[in-house]
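>>> Turn this into a model:
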Amino acid sequence: MRILSLTCLAILTTVAIAAAETPSNTHCPMSGKPIDPKLGCVAMKLGDGPDAQTVQVGTCTKECADMLVADGKTYRVRVWSTMKDDPKHPHIKGFPPDEVKEACCNVTCPVSGKAIDPARKPVNYRFSEAFTQKNPDAQKSVLVGFCSDHCMGEFTAAPQKFEDALWLQQKNKKVKNK
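Below you'll find the predicted structure:
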């Protein structure tokens with residue numbers, strides 16, 4: 001009985017510590033929605049080699065957290081895209097360019113039409129409600145790559161004007177990958 005009590009205490013302490021962690025992100029990497037701080041965090045290793053870092057990732061639902069726990073490697077570029085840039089969470093390096101290109105819904109910059117730069121952190125973009133009603137097959141949340149900071153700024157200032165171009169690239173990429 002005493003061993004059982006100590007085990008329960010250890011489990012409760014671990015859960016409390018996980019819930020007390022500060023997430024490295026403000027929006028869920030899976031859905032693009034704001035995270036629910038009551039859910040706690042999922043610890044994930046981002047990057048490869050000596051640049052790898054473990055970060056605490058918040059999600060919007062338990063289902064999103066379960067997807068990260070089950071197959072975090074598949075979603076690590078998506079997690080990286082939602083991380084806050086501040087001194088506590090330095091820029092994660094070491095993602096292979098092919099992994100970044102594969103994770104993005106586009107191969108060319110939606111603003112300039114030039115090839116995306118896989119060394120740049122992509123933006124996790126959630127299509128507008130009006131767009132997803134018109135295009136029900138569109139993923140609601142996608143990663144968007146850019147060729148430059150200027151283009152990223154132009155996109156984030158008025159993303160809806162680029163939705164049709166992104167959707168076309170997303171459809172074309174799916175067809176090529178089949």
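>>> Cys147: how many residues sit nearby?
18 (other C-beta atoms under 10 Å). All C-beta atoms are positioned from the backbone trio N, CA, C, and that covers glycine.
>>> repeat for the one 4 residues further on
Counted with other C-beta under 10 Å, the burial measure for Cys151 works out to 21 neighbours.
>>> now Val79
Residues near Val79, counting by other C-beta under 10 Å: 23.
>>> Look at it and give its secondary structure.
helix (DSSP: H, G, I helix; E, B strand; the rest coil).
>>> nearest spatial neighbour of it, skipping sequence neighbours?
Pro29 (4.5 Å; C-beta to C-beta, 6 or more residues apart in numbering).
>>> tell me the domain ranges of this structure?
For the chain, the structural domains run 14-82, 97-177, going by automatic domain parsing.
>>> one step back: wait, the residue nearest to Val79 sits on Leu68?
Yes. Counting by C-beta atoms under 8 Å, Leu68 is a contact partner of Pro29 at 7.4 Å.
>>> Settle it for me: which of those two has more neighbours?
Between Pro29 and Leu68, counted using other C-beta under 10 Å, the more crowded position is Pro29 (28 against 23).
>>> On the three-state scheme, that one is what?
From three-state DSSP, the assignment for Pro29 is coil.
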